[in-house]
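Visitor: Kindly return the folded structure for what I paste below:
(one chain, ligands or ions: 1)
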Amino acid sequence: MKHFLDTQDFSRSELMDLMLLIGLLKRADKQGALPKLLAGASLGMIFEEPSTRTRVSFEVAMTKLGGHALYLKPGEIHLGVRENIKDTSQVISRMVDAIEARTLKNQTLLDLAANATVPVINGLTDYNHPTQVVCDVFTMLEHKLPEKELSDLRVVFIGDATNVCASLLMMCTRMGMHFTHVAPARYQAPEAWQKIGRDNCAQSGGSLTITDDPLAAVRDADFLYTDLWWWVGQEDEIPERRAAFMPRYQVNAELFAAAPKHAKMMHCLPASRGVEATDEVLDHPRSIIYDQAENRLHAEKAILVKFIYPRLRKAPDELKQWHAGRIQSFLTGHGLDLP
Ligand code: CP
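Guide: Residues are numbered from 1 along each chain as shown. Model (predicted):
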């Protein structure tokens with residue numbers, strides 16, 4: 001069973017194909033001509049944490065493709081409480097065509113996937129956020145200078161080594177791009193992620209830089225990217241983290257001015273405005289944060305089509321007519337037909 005848990009599970013060409021599909025589906029949708037490729041399909045959406053973009057984009061994507069999504073909000077289903085994950089995963093798999101899950105722990109997602117008989121899509125864990133970064137690189141392709149290739153692009157992530165940072169590091173290096181993580185030493189990408197990035201670069205020709213110098217890092221950036229400085233469960237560390245990042249690692253007008261004049265500002269959102277980035281930068285004419293957020297919808301459509309469409313049973317018309325006739329005869333014979 002192929003799941004979408006980590007961009008590392010896919011080759012550069014598979015990821016490029018996915019981005020081409022995003023472009024095709026986005027264009028069709030914008031022209032009101034999106035085919036109902038997932039008619040009759042259902043997506044179970046399990047959330048252990050709140051979400052705006054991931055929840056809305058997956059649900060709307062299913063509707064636009066002719067399918068249906070069930071929002072299973074935090075605390076609404078048994079997930080390792082009153083029922084083990086295996087039973088939940090097996091049962092939901094019998095009723096839906098794919099499962100999207102946002103889990104607090106990456107291990108919960110892996111356990112769900114190990115027991116599922118339908119594709120499982122990672123909607124963010126404490127380790128990574130693959131659907132976000134497929135959308136991000138697609139957005140970069142839309143907003144890059146026309147004379148640049150994907151392999152020319154320099155992406156500078158400023159801030160904490162979040163789950164989004166992990167996925168962006170892995171996606172960019174896999175795609176042959178040039179990725180820099182800028183943070184104070186103790187908040188930099190851990191060695192295990194760096195190794196994955198370096199191995200990717202050895203295959204793709206990309207590069208990975210880890211530094212604590214934001215001004216130097218952004219000097220030749222095409223895209224600046226930041227994310228929250230603290231995450232769920234790190235509330236006790238807020239004063240310490242704020243002291244470590246502020247003001248040197250805040251993406252503000254001064255840091256943005258140090259980047260090239262074509263550089264674009266990105267943020268996966270939600271943002272803590274005035275903390276990791278200022279309003280001036282988030283609302284700057286070269287900020288693409290809302291294009292990026294919209295592209296979650298188009299990216300989810302492509303991911304759903306890639307994983308669900310090939311698995312849908314497409315019965316021939318004769319078989320559909322044969323079943324319809326038998327069912328109709330039964331209904332008529334048992335007084336269940338319309339008067
Ligand atoms: N970027 C992102 O995943 O946003 P949500 O938490 O709103 O889904």
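Visitor: Let me know whether residue 280 touches residue 253 as I believe.
Guide: Yes: look at residue 280 against residue 253 with CB atoms under 8 Å: they come within range, at 4.8 Å. The C-beta positions use only the backbone N, C-alpha and C, and glycine is treated the same way.
Visitor: Around whatever residue of the stretch 151-300 of the chain ends up closest to the ligand, count how many other residues there are.
Guide: Nearest to the ligand in the stretch 151-300 of the chain, going by CB to the nearest ligand atom, is residue 268, at a distance of 4.1 Å. Other residues lying near residue 268 total 26 when counted by other CB atoms under 10 Å.
Visitor: so what's the backbone phi/psi at it?
Guide: The phi/psi pair for residue 268 (degrees, to the nearest 10) reads phi -70, psi -20.
Visitor: Might one say that it is in contact with residue 292?
Guide: Yes: contact criterion CB under 8 Å: residue 268 and residue 292 qualify, at 7.4 Å.
Visitor: Overlap in contacts, the two.
Guide: residue 136 (CB atoms under 8 Å, 6 or more residues apart in numbering).
Visitor: At the contact with the ligand, which residues of the stretch 1-150 of the chain appear?
Guide: 51, 52, 53, 54, 124, 132 (CB under 6 Å from any ligand atom).
Visitor: How about residue 232: what's its closest non-neighbour residue?
Guide: Residue nearest to residue 232 in three dimensions, not counting chain neighbours: residue 49, with 6.5 Å by CB to CB, 6 or more residues apart in numbering.
Visitor: That neighbour touches residue 105, doesn't it?
Guide: No: judged on CB under 8 Å, residue 49 makes no contact with residue 105 at a distance of 11.0 Å.
Visitor: residues from the stretch 151-300 of the chain in reach of the ligand?
Guide: So the stretch 151-300 of the chain meets the ligand at 268, 269, 270 (CB under 6 Å from any ligand atom).
Visitor: Looking at those residues, which one is closest to residue 85?
Guide: residue 268 (27.0 Å; CB to CB).
Visitor: so who does that closest one touch?
Guide: Residues near residue 268 by CB under 8 Å, 6+ apart: 129, 132, 136, 164, 225, 227, 292.
Visitor: Would you double-check that residue 209 falls in a strand?
Guide: Yes: the assignment for residue 209, made by DSSP: H, G, I helix; E, B strand; the rest coil, places it in a strand.
Visitor: what's across from it in the sheet?
Guide: Using DSSP bridges, the bridge partners assigned to residue 209 are residue 180.
Visitor: surely it meets residue 217?
Guide: Yes: under the contact definition of CB under 8 Å, residue 209 touches residue 217, with a separation of 7.3 Å.
Visitor: before we move on, back to that, mind putting the residues of the stretch 1-150 of the chain next to the ligand into TSV with pLDDT, secondary structure and distance to residue 84?
Guide: Formatted as TSV, those follow (pLDDT from 0 to 100; DSSP: H, G, I helix; E, B strand; the rest coil; distance: CB to CB, whole Å):
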residue	pLDDT	secondary structure	distance to residue 84
51	95	coil	24
52	97	coil	30
53	98	helix	30
54	98	helix	25
124	98	coil	23
132	98	helix	29
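Visitor: For burial, what's the neighbour tally of the residue nearest to residue 232?
Guide: Neighbour tally, residue 49, other CB under 10 Å: 15.
Visitor: ok, now the one 3 residues further on?
Guide: Residue crowding around residue 52 was assessed by other CB under 10 Å; the count is 11.
Visitor: Please report the distance of it from residue 321.
Guide: 44 Å (CB to CB, to the nearest Å).
Visitor: for the residue nearest the centre of the chain, what are its contacts?
Guide: Note on the chain: the residue nearest the mean C-alpha position is residue 131, at 1.7 Å, using CA atoms, centre = their mean. Counting by CB under 8 Å, 6+ apart, residue 131 touches 4, 54, 121, 122, 123, 124, 296, 299, 300, 303.
Visitor: Which members of the residues you listed are positioned in helices?
Guide: 54, 296, 299, 300, 303 (DSSP state H).
Visitor: got the domain boundaries for the protein?
Guide: Per automatic domain parsing, the structural domains of the chain span 7-128+293-310, 132-290.
Visitor: Output the ones you listed as CSV; include the columns distance to residue 335.
Guide: Below are those laid out as CSV (distance: least, CB to CB, whole Å):
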stretch, distance to residue 335
domain 7-128+293-310, 28
domain 132-290, 53
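Visitor: how about the helices of this structure, start to end?
Guide: 12-30, 53-64, 85-93, 106-115, 130-143, 163-174, 191-204, 214-218, 238-245, 253-257, 279-282, 289-308, 317-333.
Visitor: Tell me which of these sits most buried.
Guide: The highest mean neighbour count among the helices of the chain, using mean count of other CB atoms under 10 Å, belongs to helix 163-174: a mean of 26.
Visitor: from the middle of its chain, how far away would that one be?
Guide: Remark: helix 163-174 is offset 11 Å from the chain centroid, using CA atoms, centre = their mean, to the nearest Å.
Visitor: That helix to strand 207-211, inter-axis angle?
Guide: 140 degrees (axes from the mean of the first three to the mean of the last three CA atoms, to 10 degrees).
Visitor: Now for residue 209 and residue 217: what residues contact both?
Guide: Taking CB under 8 Å, 6+ apart as the contact criterion, the common neighbours of residue 209 and residue 217 are residue 180.
Visitor: How about residue 156: what's its closest non-neighbour residue?
Guide: residue 221 (4.2 Å).
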